[in-house]
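Novice: Just to be clear, the model below is a prediction. Sequence and coordinates:
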Amino acid sequence: MSTLVKEQQEIDVIVKDILADFDGRKNIDAVDIFNKPDKREVQELVKNLFKIVYPGYFRDKSFKIYNPSNSYAVIIEDTFYHMNKQVFLALDFCKKRGTMTEDDRRKESYRICKAFFGRIPKIREYIESDLLAAYDGDPAAGCFEEIILAYPGLIASTVYRIAHELYVEQVPVLPRMMTELAHSKTGIDIHPGATIDKNFFIDHGTGIVIGETAIIGKNVKIYQGVTIGALSTRGGQKLSGKKRHPTICDNVTIYAGASILGGNTIIGENAVIGGNTFITSSINPNTIVSMKNLEMEYRTSENTIATEELHQSEEWYYII
Amino acid sequence: MSTLVKEQQEIDVIVKDILADFDGRKNIDAVDIFNKPDKREVQELVKNLFKIVYPGYFRDKSFKIYNPSNSYAVIIEDTFYHMNKQVFLALDFCKKRGTMTEDDRRKESYRICKAFFGRIPKIREYIESDLLAAYDGDPAAGCFEEIILAYPGLIASTVYRIAHELYVEQVPVLPRMMTELAHSKTGIDIHPGATIDKNFFIDHGTGIVIGETAIIGKNVKIYQGVTIGALSTRGGQKLSGKKRHPTICDNVTIYAGASILGGNTIIGENAVIGGNTFITSSINPNTIVSMKNLEMEYRTSENTIATEELHQSEEWYYII
Amino acid sequence: MSTLVKEQQEIDVIVKDILADFDGRKNIDAVDIFNKPDKREVQELVKNLFKIVYPGYFRDKSFKIYNPSNSYAVIIEDTFYHMNKQVFLALDFCKKRGTMTEDDRRKESYRICKAFFGRIPKIREYIESDLLAAYDGDPAAGCFEEIILAYPGLIASTVYRIAHELYVEQVPVLPRMMTELAHSKTGIDIHPGATIDKNFFIDHGTGIVIGETAIIGKNVKIYQGVTIGALSTRGGQKLSGKKRHPTICDNVTIYAGASILGGNTIIGENAVIGGNTFITSSINPNTIVSMKNLEMEYRTSENTIATEELHQSEEWYYII
């Protein structure tokens, strides 16, 4: 028997074994292959929504445009059609599973999309306010165009503002798929359930987490590595629906690496939360919070090298 | 001479100068253009492996499917073929460079791929356990589908579980290319050499680093910004192969921003490691660790504004 | 009236309302659709520049190559053409807006591209030095190829070195679009304005921020989560152009999670900055800095469970 034939037979066995493992008893096996929101479709949807909310910035190369209005009418209708389809599919998931007939889902997804597209001018008003906040807040920003074309914070807040409208309409799965797309691109993880007012500015952004039940006021500025999170999720699914994340009032600035935790924690107006702080109870308005006891230890390298010779297995002093 | 001709001549000179610089004496110049793993191919490979381990979730649009089994047989065979090719190329890299004949590499890559695909049911068992851990651990998770379609932690652990099997077979370069792909998408950096048991849950995830020689038990839960790393890498290549990263026992929870460092550090069963802790020695089982002396300093803005006027050049009090 | 006709009429109204909102009075509306740098074009540009600076590593599948030099000549000329076009467009943005005639911009963009491509051998020299630094610094690195094909730190420093040359030539918008592309892929945010010398090594990288006016010497090694940032950006646009970020001298190592802040902060030669430190004033050469008072609190789970029963609403002790 030739090697090739032998290999083909071996591969056949492997394929059969893997197919046999697709027995539908695992949750990672999709029983019905066609009826679920599609990751790539959602990605296209978000891309097209960016074309709509930032007209003229994210160009569609498939059109040679003379009258932009015509092209936008086509993009809006097309996006409506695709969102309708994804919402229809999503409405049979999570808590809604099996609760609606196909016809109900069809009507409901149309209603939701109509409501969503009706709110696009409002969404654009919020995005415009975020853009202004970014320009005012960052001395490195050269102009508005630079922020729109390059700043990850604006990408994340834009996707959040879009996804939030679908979350409010109780669409399952889809809103989170959208914000996770932004999370993947920017390292900024805003749950679509969070409530965020106007003039929201995120600088740098990587490592930011904003939880599902967080409430954030106007003119809030957040830096990289900030968590607005839950104190503990040990309760698991039992905590679902409870307010687990903080409330941040107007004009608060939160510097890099700060963690603010807990559903009863309220950060008062105009407060400034210093870098690397760890906050689990409320802060009064107009307060500046910083870490106490932030003492550093300094040694010269000479001493350390001596110590190093004594404890060759102990490299601890290097890193801290 | 026209501007255009002049420009063409100038560009010719520039092109020649750059080509002259491709003299093969730099390590950033690939001497042999065809014989190395290809980034895009590896990306396709990972995409197709996701279709195989999560059947029905990541659909291939090129097939109009009536009987999914037929389509999966094609995907599995195709993925086998492409993995075989990339493993064959990778086997001539790093420590394996020049140690095998082309024929040896061909046989070895086939053997490895056969072993790998034979382990797909086992890989799927681990992924299923990670999915259950995510659902149990996160009150914001609406349903299994949402986790599969949107959670970055599951993407990162899935790619790790795939890449780890190739790492165990001592395939150079390829496993790391796979986990770095996941790192790029999720901000979660798990080295393919790490050993991670079942029911592994990563929440949010951005900024997580898990080192090459780390060992992680069952039911471990990790939050964003956690490092399971080395104490120091000053030894550079001399440390290669040594256990440089911690061991985390069963049922440990590690909250956001904690750093656990060192090859001799063992975190005992059921321990809870608090946020922002910095741990470089072993922790007993059933222990809760938190930062002491986490005192904060509070000032009202009024005072600060006064101080600000006194020290206009000193902006320190703003941020901390 | 049929449902379909009714829906079409409703969608028509929605479309008209959205188009009416594109009144050009918002900054998120691009008044002139064709005349701005294009995100996708810039992405292609960076991809092609990677093919040029790492010849043979990032292959162009559209060419069947016999003589690589011919193919590279084509890639270089093509990339020159596209960069010229994007620079031409960018020269009408930010501070340069309206300051140059179209003809001036054409000449200037050609001059800049000529200068840029003339510096490619120099750029490659720096990238080669970064590659060597990565290999020397990471015991997990198997070989040079693994670093080029998989390490995010090298991607980020390469894009930075490319973008910096355009920043130096005062091209608006484009340099930042390039580094933000790398930020999105790697979680490493290096402003194109920063000055970074040879042998620069970033390990893991996610969450690193390096500000516009930072200066970094030779042989500097930086780990994940490090910020080299400004003390405060409360001054907003008024701070534009001022040195707001630290200077890091030769041979400094900065471990994970350290924050070094302020334009007057200088970290002396050979200093080692420990993990999670927070530094806002200068550090002498040859100094090792670590956090003092890093005491941890340890409790056994038994005690905690008892406490938990007493204060069921207070979950604080879990996480810290």
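Specialist: Here it is on my side, so go on.

Novice: Stretch A:78-87 and chain B, are they touching?
Specialist: No: judged by C-beta under 8 Å from any C-beta of the partner chain, stretch A:78-87 stays clear of chain B, getting no closer than 11.2 Å. Bear in mind the C-beta positions are built from the backbone N, C-alpha and C, glycine included.

Novice: list the contacts for the nearest residue to A:Y255 once chain neighbours are set aside?
Specialist: Excluding the flanking residues, the one nearest A:Y255 by C-beta to C-beta, 6 or more residues apart in numbering or on different chains is A:G275, at 4.1 Å. A:G275 makes contacts with A:223, A:255-258, B:319-320, C:259, C:261, C:278, as judged by C-beta atoms under 8 Å, 6 or more residues apart in numbering or on different chains.

Novice: do A:F200 as well
Specialist: A:129-130, A:133, A:157, A:216, A:220, A:222.

Novice: do that again at 7 Å, thanks
Specialist: Each residue near A:F200 by C-beta atoms under 7 Å, 6 or more residues apart in numbering or on different chains is listed here: A:130, A:133, A:157, A:216, A:220.

Novice: C:I28 versus the second one, what's the distance?
Specialist: Spelled out, that is A:A133. Distance, A:A133 to C:I28, using C-beta to C-beta, to the nearest Å: 13 Å.

Novice: now do the fourth one
Specialist: A:I216 sits 21 Å away from C:I28 when distances are taken as C-beta to C-beta.

Novice: For chain B, what is the nearest residue in chain A?
Specialist: Residue nearest to chain B within chain A: A:A30 (2.7 Å; C-beta to the nearest C-beta).

Novice: Would you check that that residue makes contact with B:G56?
Specialist: Yes: with contact defined as C-beta atoms under 7 Å, A:A30 counts as touching B:G56 (2.7 Å).

Novice: for A:I120, what are its contacts?
Specialist: A:I120 touches A:52-53, C:18, counting by C-beta under 7 Å, 6+ apart.

Novice: Next, format these as CSV and append neighbour count.
Specialist: CSV is the format used below for these (neighbours: other C-beta atoms under 10 Å in any protein chain shown):
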residue, neighbour count
A:I52, 20
A:V53, 23
C:I18, 21
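
Novice: Helices - which of these land there?
Specialist: If you go by DSSP state H, the contacts of A:I120 have A:52-53, C:18 in helices.

Novice: quick one: low-confidence parts of chain A?
Specialist: Low-confidence segments of chain A, defined by pLDDT under 70: A:1, A:31-34, A:60-68, A:233-236, A:293-294, A:301-320.

Novice: Just the element for the residue of chain A found nearest chain C, please.
Specialist: For chain A, the residue closest to chain C is A:G56, as judged by C-beta to the nearest C-beta, at 2.7 Å. A:G56 is part of no helix or strand, with elements assigned from DSSP states H and E.

Novice: surely it meets C:N27?
Specialist: No: the pair A:G56 / C:N27 is not scored as a contact, 11.5 Å apart, by C-beta under 7 Å.

Novice: need the strands for the stretch 201-320 of chain A, in chain order.
Specialist: Under the criterion DSSP state E, counting those that start in this stretch, the stretch 201-320 of chain A contains strands at A:201-203, A:208-210, A:215-216, A:221-223, A:227-229, A:247-248, A:253-254, A:259-261, A:266-267, A:272-273, A:278-279, A:287-291, A:296-300.

Novice: would TSV of the ones you listed with distance to chain B and mean neighbour count be doable?
Specialist: Formatted as TSV, those follow (distance: least, C-beta to the nearest C-beta, whole Å; neighbours: other C-beta atoms under 10 Å in any protein chain shown):
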stretch	distance to chain B	mean neighbour count
strand A:201-203	12	26
strand A:208-210	5	28
strand A:215-216	15	20
strand A:221-223	9	25
strand A:227-229	6	28
strand A:247-248	16	24
strand A:253-254	9	25
strand A:259-261	6	26
strand A:266-267	12	22
strand A:272-273	7	26
strand A:278-279	6	22
strand A:287-291	4	21
strand A:296-300	13	15
